[in-house]
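In: how does the following fold in three dimensions:
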Amino acid sequence: MTRPSPDISIGIDFGTTNTVMAVAERGKPVRSITWPHSGEIEDVYRSVLCFERHDIDRVLTVATTGGPYAIERYLGSVSETRFIQSFKSHIASAVFRDTRIFSTRFLFEDLLATFFGLVLEDSGDQVPRGAAIVAGRPVAFAGGNPDEGLAHRRYDAAYAKAGLVRPTYVYEPVGAAYYYAQRLEKDATILVGDFGGGTSDFSILRFERCNGALRAVPLGHAGIGIAGDSFDYRIINAVVSPRLGKGSQYRSMGQVMEVPAHYYANFARWHQLALLKSAENRRELDKLMKIALKPELIARLIEVIENDWGFAVYRAVSAAKMALSSQPKTLFSFRMGDIVIEQDITTAQFEGWIADDLARIDATVDDLFRREGLTPAAIDRVFLTGGTSYIPAVRRLFAHRFGAEKLDSGGQFESIAHGLALIGLEQDRSAWEVAAPPPAR
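Out: Residues are numbered from 1 along each chain as shown. Predicted coordinates:
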């Protein structure tokens, strides 16, 4: 294998919601990889896949697209499709071994390699071959019992299958910290909070300049599998699921019981949504509809699942969250087919729904400072990045703890990838690298 060039590197921020890539060349400004779409140039590539089935003269072919092209294909297709989003949340899950897409079995690493391959293919000739690769990873992986070693093995396999050299792995908030540190005019201790779709990750680093070189001493890292997708779950649970049968009842053997909640738990989590579209689930829901006291609600749930309208729900939720970041009330609106769900949501309601999530994020930061023996006074600047950092309640957590004057933000989408690419130009990346866990015995 060709030795990577020391003068050019690629930073890859594979996120739960978006993927961003950047290229750093020694002596030149770092630049984002871009993707042309619908007359626009986009510098984020949505972390989604669309598999579109065509059956022509009994010959089955499957067209696969990613990013904005997958969304376009999914929304405009008249053929059968499988749309997959937030699949990064499965990367450390031993439960998710594989899935069948039409007649083909995909291991998780096959899905990820397919995605990486499309990211590269759709970028044209912007990605230089032979460059060093620095890839981000969360401090804490999403899921109830994440297997960090499994996640690293899957990353390695996917990058290799996509034809990329084995990357150096760096915590995502460390990449953001390195990006932010470029603007520092004096030595400083920084807390970075990276709020993505699947995880919220934190790193504390001391940055110092010596003879023009930027040096960093990592002081501590922490993370939790709560972030934007968790907040989405709260909106769906409160506004959407009740209109699709959550909390309704059915009659069986003379008893009246509540419709099983697990359908709605899976429905409200983007990475689980595609798993609901199975023959077994459809049979169960058909039986449930026949004995439900409000069968029309179960019929709506079936309609949303069968028509793959989960992405339409996602867009409605995202629009509501964005609106609530700047105004005290918004109208949640979802309209597909005959289903109309509209409800006013106030900022106070939303913050009430996510209060437990915010408390757990706050406790994670508490534990980090307690573990490392630090106090908020030791922090010079707090850099918040990632889409979820726009939510006012999230920002208030850090303003209350550190003071609003210490808070800074910017580059919500490109900061991690740019920082990772710049780290790739370091002669010694060992201070930044996260070593893979030893194989399980």
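
In: quick check: buried residues in the lengthiest helix in the chain?
Out: Secondary structure of the chain read by DSSP state H shows that its longest helix is helix 355-372. Within helix 355-372, the residues that qualify as buried by neighbour count (16 or more other CB atoms under 10 Å) are 357-358, 361, 364-365, 368-369. For every residue, glycine as well, the C-beta is placed using N, CA and C.

In: also stretch 286-301?
Out: 288-289, 292, 297-301.

In: ramachandran coordinates for the nearest residue to residue 237 once chain neighbours are set aside?
Out: The shortest distance from residue 237 to any residue other than its chain neighbours is 5.4 Å, reached at residue 268 (CB to CB, 6 or more residues apart in numbering). Here is the backbone geometry of residue 268 (degrees, to the nearest 10): phi -80, psi 0.

In: count of neighbours near residue 268?
Out: Residue 268 has 24 neighbouring residues, counting by other CB atoms under 10 Å.

In: which residues are in contact with it?
Out: 232-233, 236-237, 240-241 (CB atoms under 8 Å, 6 or more residues apart in numbering).

In: now, the residues you listed that are in helices?
Out: Short answer: those in helices (DSSP H) are 232-233.

In: just put the contacts of residue 268 in CSV and tack on pLDDT, neighbour count and distance to residue 346.
Out: CSV is the format used below for these (pLDDT from 0 to 100; neighbours: other CB atoms under 10 Å; distance: CB to CB, whole Å):
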residue, pLDDT, neighbour count, distance to residue 346
232, 94, 24, 17
233, 93, 22, 19
236, 95, 25, 17
237, 95, 17, 16
240, 96, 23, 17
241, 96, 21, 19
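
In: and the two most separated of the contacts of residue 268?
Out: 232 and 241 (12.0 Å; CB to CB).

In: in the chain, where is pLDDT below threshold?
Out: 1-5, 438-441 (pLDDT under 70).

In: walk me through the domains of it.
Out: Domain assignment for the chain by automatic domain parsing gives 5-169, 186-227+354-411, 228-344.

In: okay, and residue 133 sits in which element?
Out: strand 131-137 (DSSP states H and E).

In: next helix or strand past that strand?
Out: helix 148-161.

In: contacts for that next one?
Out: 91-94, 108-110, 112-113, 115-117, 133, 135, 137, 141, 165-167, 169, 436-440.

In: and the helix or strand following that helix, what does it pack against?
Out: Using DSSP H and E, the helix or strand that directly follows helix 148-161 along the chain is strand 168-171. Using 3 or more CB pairs under 8 Å, 6 or more residues apart in numbering; DSSP states H and E, the elements in contact with strand 168-171 are strand 131-137, helix 415-423.

In: do a quick rundown of the helices in the stretch 1-150 of the chain.
Out: 67-76, 108-122, 148-161 (DSSP state H, counting those that start in this stretch).

In: hmm, residue 204 and residue 173 touching each other?
Out: No: here residue 173 does not reach residue 204: they are 9.3 Å apart, not a contact under CB atoms under 8 Å.

In: the two: who's more crowded?
Out: Each of residue 173 and residue 204 has its neighbours counted (other CB under 10 Å); residue 173 has more, 34 against 24.

In: contact partners for the more buried one?
Out: Taking CB under 8 Å, 6+ apart as the test, what residue 173 contacts is 139, 192-194, 201-203, 221, 385, 416.

In: adding neighbour count, distance to residue 73 and secondary structure, write the residues you listed out as JSON lines.
Out: Converted to JSON lines, those look like this (neighbours: other CB atoms under 10 Å; distance: CB to CB, whole Å; DSSP: H, G, I helix; E, B strand; the rest coil):
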{"residue": "139", "neighbour count": "22", "distance to residue 73": "34", "secondary structure": "coil"}
{"residue": "192", "neighbour count": "30", "distance to residue 73": "36", "secondary structure": "strand"}
{"residue": "193", "neighbour count": "26", "distance to residue 73": "35", "secondary structure": "strand"}
{"residue": "194", "neighbour count": "32", "distance to residue 73": "30", "secondary structure": "strand"}
{"residue": "201", "neighbour count": "29", "distance to residue 73": "32", "secondary structure": "strand"}
{"residue": "202", "neighbour count": "25", "distance to residue 73": "37", "secondary structure": "strand"}
{"residue": "203", "neighbour count": "26", "distance to residue 73": "37", "secondary structure": "strand"}
{"residue": "221", "neighbour count": "20", "distance to residue 73": "38", "secondary structure": "strand"}
{"residue": "385", "neighbour count": "28", "distance to residue 73": "30", "secondary structure": "strand"}
{"residue": "416", "neighbour count": "34", "distance to residue 73": "27", "secondary structure": "helix"}
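
In: this completes my enquiry, with thanks.
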